[in-house]
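A.B. asks: All I have is the shape, not the residue letters:
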Ligand SMILES: O=C(O)C(=O)C[C@]1(C(=O)O)C=C[C@@H](O)C=C1
């Protein structure tokens, strides 16, 4: 058979594969329905393991790489979970007849949240000075300035950049709206004033930090943090929005949040910024490096590339506005200093101790992917 004929056979097989995937997805939606009426959760880790083991066995008997088949199965299960989670959120119908205002709803997380609320049946109004950028213009009502809104809604989500969010919370506190109010800030200490004003005004307020980016489709394995501001009704209301998702929900205090975020976001961003700054400053070496690769280097470059593409304004806020931010940046300096002194004094034992300590620390916290 010539190349052309072989490629035609491959294309025909690919079409069959795609229609089998469609059939699998349709079946998995039926499974979702059955599990929901039986009151069972969406994710079933034991079943996933069985599905993967069966596929690996079948691969072995057909002389196909079990690793290849396992990765395909994992993608398919992920596809099932995404579709099933969406169905559940929609069927949860929390928003039926309820209304929400998303201030800053045309920003990245604002758009994610507006769509999330719409999928639950909320009537969503987006307030944003930028008229463009709606992900779904038919689905949401739009107003440029939230100050012109009556605020007579069940839910107000503040999704503006951090610098503006504090002002918005202060102004909201003055108007004392009836609905539940929360912001989506990556840091909470810069919002302390606004949050306290909401508390003293007797508003039903909490503060939420979705620990995922705006491109996230599946919430399994993701975390959402809720800040306890002393109003349990607000926490319940905000948590209920995620009840039909697979996201893990965590409640903590405002200070604990920022202390932890200084490491989770602050340190990991800082490390990547240091990495690409060092590479970019490596002069002659930089273009040559692009032609080489190693597993660790490639993985690190991929993460660093994502960090470099993020908003400098947001990333600067995360470094500079956190009351606890200096602590993690200093920890990074101290760590580089320890590495430097082990290497520059040719102290192999000290270097090995650094590696050993890291291995022990990481072994204690590795989770299943
Ligand atoms: O068997 C189920 O319960 C499914 O929902 C299907 C499926 C799959 O795609 O195979 C998807 C998610 C579950 O966690 C386990 C398996």
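C.D. replies: Great, that's in hand. In this text, all values refer to a predicted model and were calculated from it rather than measured experimentally.
A.B. asks: Would you map the strands across the stretch 101-250 of the chain?
C.D. replies: For the stretch 101-250 of the chain, applying DSSP state E, counting those that start in this stretch gives strands covering 123-127, 141-143, 155-158, 180-183, 204-210, 223-227, 248-252.
A.B. asks: closest to residue 57 out of those strands?
C.D. replies: When the strands of the stretch 101-250 of the chain are compared by C-beta to C-beta, strand 248-252 sits nearest residue 57, at 31.9 Å. C-beta coordinates here come from the backbone N, C-alpha and C atoms, glycine included.
A.B. asks: mind checking how far that closest one is from the chain centre?
C.D. replies: Chain-centre distance of strand 248-252: 14 Å, with C-alpha atoms, centre = their mean, to the nearest Å.
A.B. asks: what about the closest residue to the ligand within the stretch 151-300 of the chain, how many residues close to it?
C.D. replies: Nearest to the ligand, among the residues of the stretch 151-300 of the chain, is residue 220, at 8.5 Å (C-beta to the nearest ligand atom). Neighbourhood size, residue 220 [other C-beta atoms under 10 Å]: 15.
A.B. asks: same thing with residue 219?
C.D. replies: With other C-beta under 10 Å as criterion, residue 219 counts 21.
A.B. asks: rewinding a little: now the residue of the stretch 151-300 of the chain closest to the ligand, nearest residue through space, not along the chain?
C.D. replies: Residue nearest to residue 220 in three dimensions, not counting chain neighbours: residue 246, with 3.8 Å by C-beta to C-beta, 6 or more residues apart in numbering.
A.B. asks: can you tell me how far that neighbour sits from residue 88?
C.D. replies: 9 Å (C-beta to C-beta, to the nearest Å).
A.B. asks: shared neighbours, these two?
C.D. replies: Counting by C-beta atoms under 8 Å, 6 or more residues apart in numbering, the contacts common to residue 246 and residue 88 are residue 42.
A.B. asks: from memory residue 87 sits against residue 28, does it?
C.D. replies: No - with contact defined as C-beta atoms under 8 Å, residue 87 does not reach residue 28; the gap is 9.8 Å.
A.B. asks: Tell me where the model's unsure across the stretch 101-250 of the chain.
C.D. replies: Low-confidence segments of the stretch 101-250 of the chain (pLDDT under 70): 133-135, 137.
A.B. asks: Helices along that one, start to end?
C.D. replies: Assigned by DSSP state H, counting those that start in this stretch, the helices in the stretch 101-250 of the chain fall at 108-119, 162-175, 192-200, 232-241.
A.B. asks: mind checking which helix or strand the residue of the chain found nearest the ligand is in?
C.D. replies: Relative to the ligand, the nearest point of the chain is residue 80 (3.3 Å; C-beta to the nearest ligand atom). If you go by DSSP states H and E, residue 80 is part of helix 66-92.
A.B. asks: Residue 334 too?
C.D. replies: Assigned by DSSP H and E, residue 334 belongs to helix 325-344.
A.B. asks: So which bits of the helix holding residue 80 are buried?
C.D. replies: Buried residues in helix 66-92, counted by 16 or more other C-beta atoms under 10 Å: 69-70, 73, 76-77, 79-89, 92.
A.B. asks: repeat for stretch 115-135
C.D. replies: Buried-residue list, stretch 115-135, by 16+ other C-beta under 10 Å: 115-118, 120-128, 134-135.
A.B. asks: try stretch 196-205
C.D. replies: For stretch 196-205, the neighbour count (16+ other C-beta under 10 Å) marks 196-198, 201, 203-205 as buried.
A.B. asks: farthest-separated two in those residues?
C.D. replies: Maximum distance among the buried residues of stretch 196-205 (C-beta to C-beta): 14.9 Å, for 196 and 204.
A.B. asks: thinking again about what came up before, pretty sure residue 25 is one of the things the residue of the chain closest to the ligand touches, is it not?
C.D. replies: Yes - Residue 80 lies in contact with residue 25 (C-beta under 8 Å); the separation is 6.8 Å.
A.B. asks: Quick one: residues contacting the spatially closest residue to residue 141 that is not a sequence neighbour.
C.D. replies: Nearest residue to residue 141, sequence neighbours excluded (C-beta to C-beta, 6+ apart): residue 125, at 4.3 Å. By C-beta under 8 Å, 6+ apart, the residues touching residue 125 are 99-102, 105, 140-143, 149, 153.
A.B. asks: Apply 7 Å and report the result again.
C.D. replies: Counting by C-beta atoms under 7 Å, 6 or more residues apart in numbering, residue 125 touches 101, 140-141, 143, 149.
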